[in-house]
Structure formats: structure tokens, C-alpha cells
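Chemist: how does the following fold in three dimensions:
(one chain, ligands or ions: 2)
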Amino acid sequence: MSKITVVVPCYNEEQSLHFFYEEMEQVAAEMKENTFEYLFVDDGSKDCTLECIKELKEKDEKVRYVSFSRNFGKEAAIYAGLYHASGDYVAIMDADLQDPPSLLPEMYRAVTEEGYDSAATRRVTRKGEPPIRSFFARRFYHIMNKISDVELMDGARDYRLMNRAYVNALLEMGEYNRFSKGLFGWVGFKIKWLEFENVERVAGETKWSFWKLFKYSLDGIVAFSSMPLYMASWLGASMCGVSLFAILFIIVRQLMFGNSVAGWPSMVCIIILIGGLQLLSIGILGLYLSKTYLEVKHRPIYIAREAYTEKCNAEPGKL
Ligand code: UDP
Ligand code: MG
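Modeler: Ligands and ions are numbered 1, 2, ... in the order given. Below is the predicted model:
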């Protein structure tokens, strides 16, 4: 009999937690051959999410939780969940039922009978999402797949079931700037993709504003590609080439036709253009540098305020 840990990152989810629990219970009842552990990670919620989780814990011994000292973000919550999970298999699932628990039996079959290490999900539609958001999301996946080594699946969710080896590989990557979608691909292994239609949130509202997503996509690019740096260098090099050519042209013209003062507006334009490109390149450089700076500080990925799991007495910062 194998144990499945369901990791649920929660940030202000008091409205959806009960729906989630009910639906998850139904699926757990279907999968009689397994035992379950529901590991809720309260990501510093400002509402009554933690109380809600504790209520569930009182009535159901499968419920475990980790509660953060502040909001550390979903990536940190996933890490904490994986770290504390005690199951042979671990699933990551959103609390808002946008990741249908009913897919779990099929995912379980994939990792136990079909020889896969992980069963991942992607949504094939983006129904109910603002069109502008879908457009930029698509562009992001397109660009990311062009400029980085890891393969990102368009519409991939964080919802997946993994075996121990896969989980351990993820935990070994203790980096501070965690872009899970990239990490999932980076570790490799055999992955089966299951598809489903987008489901709208059961209650509450999304925690991702457009700008938060934009920043997240930049984090992804910086974490998994050095292409912007190469591009800045190439741009710089080609601008040098062009300007050398222009200098030669001006010298030759001066020698042949004498002094010509005309043309200073174009000069100013060029100076501004080059100045802009330099700033842009420095900006890109700074982006990488700031990420490196955060990384070398070796700060913990999350800090827990309280926890009730099988692994509670761990090192500080990893409660
Ligand atoms: N979440 C989290 N920390 C955050 C933001 C979100 O743990 O800082 C959780 C949230 O509670 C939910 C999941 O991550 O379970 C996905 O969030 P959301 O539904 O807002 O994102 P969307 O589905 O709209 O992309
Ligand atoms: Mg959601």
C-alpha cells in the first residue's frame, strides 16, 4: 500500500479550502488501495486560512500543515511541501480546484503501471482568462522555448504527481530563485502529459496580477537562459562595427571634400541610441547580478512559523 502526499499551497484560500477538501475526499475514497496525506502549506495568509486548516486537522488525521511566517510565494510553498511530504508519491495541487483532483487516479496509474516518474498536466484551453493575459502567456512560452535549454510546455500547470526519485531531485536544487516550471523540466525523468480543459476557480480570486506574472516570467528567463546577456553582447559588438565603419567613412569624406559641419542632429540621435542600448544592456546585466546576489546570500527559501508534519524537528529555517 503506498502513500500519496497531496501538497496544497494556500494563500488566502479560506473560501475554497472546504470545497477542496470535500472533492479531495471523494477521490481519496475512490483510490482505496492508497493512504493519503494532505499537506497544506499556508503561505502567510492574511485571512482565516490557517484556522480553516486546523479545523480540518481536528476532524481528519490525514491533514498536516506548514505555516509560513509571511508570504514567501507559491514557489517557496511548493518547496516546503515537497520537503515535508512523507508519501511515496507526491502531488502538487492548487487549493482553488483549478487542478481537478479527479485526474489523480489516472496520474497514479501512469507512475505506477506505465513506468513514468511523473505525471504532469497541461490545460489545452485558457477559457475564462483575460485574452491579453493568454496572449502574453503564449508569447512567453514561445520565447522561453527558443532561448533556454529546458522545454516548457504551453499551458503546463504545477499540478503533477511525482515519485520519490523525482521529488528528491527537485529538493536537491536548493536555489533561492525558484522557477518550478523550469525546474520540473530541468531534472529530466520520464514524464507523461495529461490534458484537461481549463476550469475556473471555485471561490476567492486569483493572486496573480498582470505585473506579478510579468515579473515571474522575467524570473523564469533569468533563471533558465543566458540569452539576454548574449544578445546584449552581440548588439554591442555590432554597434561597434557599424560605428567603426561610419568613422572611416567620415575620415575619408573629410580628406576628399573638406570640412562639413552639417549632420549634427543625426549625431545626437546616434548618441542617444547608443546611450539607450548601453543602459538596456547594463539593466540586463543588473538583473542577473541581483539574482546572483540573492543566491549567494544563501537565505532560507521559506521560514515556517509553525508546522505539524512528520518532519517537524528539522534545521532552523526549515521547520
Ligand atoms: N498561492 C500561494 N502563494 C502566493 C500566491 C498563490 O501559495 O503567493 C497559491 C494559491 O493559494 C493557489 C495557487 O497558489 O492555491 C495558485 O494561485 P492562483 O489560483 O491565485 O493562481 P492562478 O490559478 O490564477 O494562476
Ligand atoms: Mg488558480
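Chemist: flag the shaky bits of the stretch 151-300 of the chain, pLDDT-wise.
Modeler: 259-261, 264-265 (pLDDT under 70).
Chemist: try it again at 90.
Modeler: Along the stretch 151-300 of the chain, the model assigns pLDDT under 90 to residues 151-157, 173-183, 185-188, 190, 195-300.
Chemist: closest residue of it to ligand 2?
Modeler: For the stretch 151-300 of the chain and ligand 2, the shortest gap (Cβ to the ion) falls at residue 201, measuring 5.2 Å. For every residue, glycine as well, the C-beta is placed using N, CA and C.
Chemist: next up, phi/psi of that residue, please.
Modeler: phi -50, psi 140 (degrees, to the nearest 10).
Chemist: dump the residue contacts of it.
Modeler: 16, 96-98 (Cβ atoms under 8 Å, 6 or more residues apart in numbering).
Chemist: what lies in contact with stretch 26-33?
Modeler: Here stretch 26-33 has contacts from 1-2, 4, 34, 36, 62, 101-102, 104-105, 108, using Cβ under 8 Å, 6+ apart.
Chemist: quick one: which helix or strand includes residue 176?
Modeler: When elements are assigned from DSSP states H and E, residue 176 belongs to no helix and no strand.
Chemist: could you count how many residues lie near it?
Modeler: 16 (other Cβ atoms under 10 Å).
Chemist: can you check residue 11 too?
Modeler: Neighbour tally, residue 11, other Cβ under 10 Å: 21.
Chemist: could we number from 5 for the rest of this?
Modeler: Shifting the count to begin at 5 puts that one at residue 15.
Chemist: I'd guessed it sits against residue 78; true?
Modeler: Yes: with contact defined as Cβ atoms under 8 Å, residue 15 reaches residue 78; the gap is 7.2 Å.
Chemist: intersection of neighbour lists for the two?
Modeler: 47, 211.
Chemist: quick one: secondary structure of residue 11?
Modeler: strand (DSSP: H, G, I helix; E, B strand; the rest coil).
Chemist: wait, isn't it in contact with residue 40?
Modeler: No: checked against Cβ under 8 Å, the pair residue 11 and residue 40 is beyond contact range at 11.7 Å.
Chemist: ok, those two, which is more surrounded?
Modeler: residue 11 (27 against 21).
Chemist: how near is the more buried one to ligand 2?
Modeler: 15 Å (Cβ to the ion, to the nearest Å).
Chemist: which non-adjacent residue is nearest that residue?
Modeler: Nearest residue to residue 11 in three dimensions, chain neighbours excluded: residue 85, at 3.1 Å (Cβ to Cβ, 6 or more residues apart in numbering).
Chemist: return only those of the contacts of residue 205 found close to ligand 1.
Modeler: Restricting the contacts of residue 205 to those near ligand 1 by Cβ under 6 Å from any ligand atom leaves 100, 102.
Chemist: enumerate the residues of the stretch 5-154 of the chain near ligand 1.
Modeler: 13-15, 17, 47, 75, 77-78, 81, 98-100, 102.
Chemist: the residues you listed, buried ones only, as a PyMOL selection?
Modeler: Buried residues among those (16 or more other Cβ atoms under 10 Å), as a PyMOL selection:
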select buried, resi 13+14+15+17+47+75+77+78+81+98+99+100+102
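Chemist: ok but residue 305 is inside a helix, no?
Modeler: No: counting by three-state DSSP, residue 305 falls outside a helix, being coil.
Chemist: what's near enough to touch it?
Modeler: Counting by Cβ under 8 Å, 6+ apart, residue 305 has contacts 76, 80, 83-84, 178, 180, 182.
Chemist: one more time with 10 Å
Modeler: Neighbour list for residue 305: 76-77, 79-84, 87, 178-182, 321-322 [criterion: Cβ atoms under 10 Å, 6 or more residues apart in numbering].
Chemist: how about residue 181?
Modeler: 79, 223-224, 226-227, 294-296, 298-299, 305.
Chemist: let's see it at 7 Å
Modeler: 223, 227, 295, 298-299 (Cβ atoms under 7 Å, 6 or more residues apart in numbering).
Chemist: and it, how far from ligand 1?
Modeler: 15 Å (Cβ to the nearest ligand atom, to the nearest Å).
Chemist: number of residues surrounding residue 294?
Modeler: The burial count assigned to residue 294 is 12, neighbours taken as other Cβ under 10 Å.
Chemist: same check on the one 5 residues further on?
Modeler: Look at residue 299: counted by other Cβ under 10 Å, it has 13 neighbours.
Chemist: what about residue 224, which helix or strand?
Modeler: helix 214-228.
Chemist: ok, then the element right after that helix?
Modeler: According to DSSP H and E, the helix or strand after helix 214-228 is helix 231-261.
Chemist: buried ones in the very next helix or strand once past that next one, by neighbour count?
Modeler: Next helix or strand after helix 231-261 toward the C-terminus (DSSP H and E): helix 268-300. By neighbour count on 16+ other Cβ under 10 Å, the buried set for helix 268-300 is 285, 288, 291, 295.
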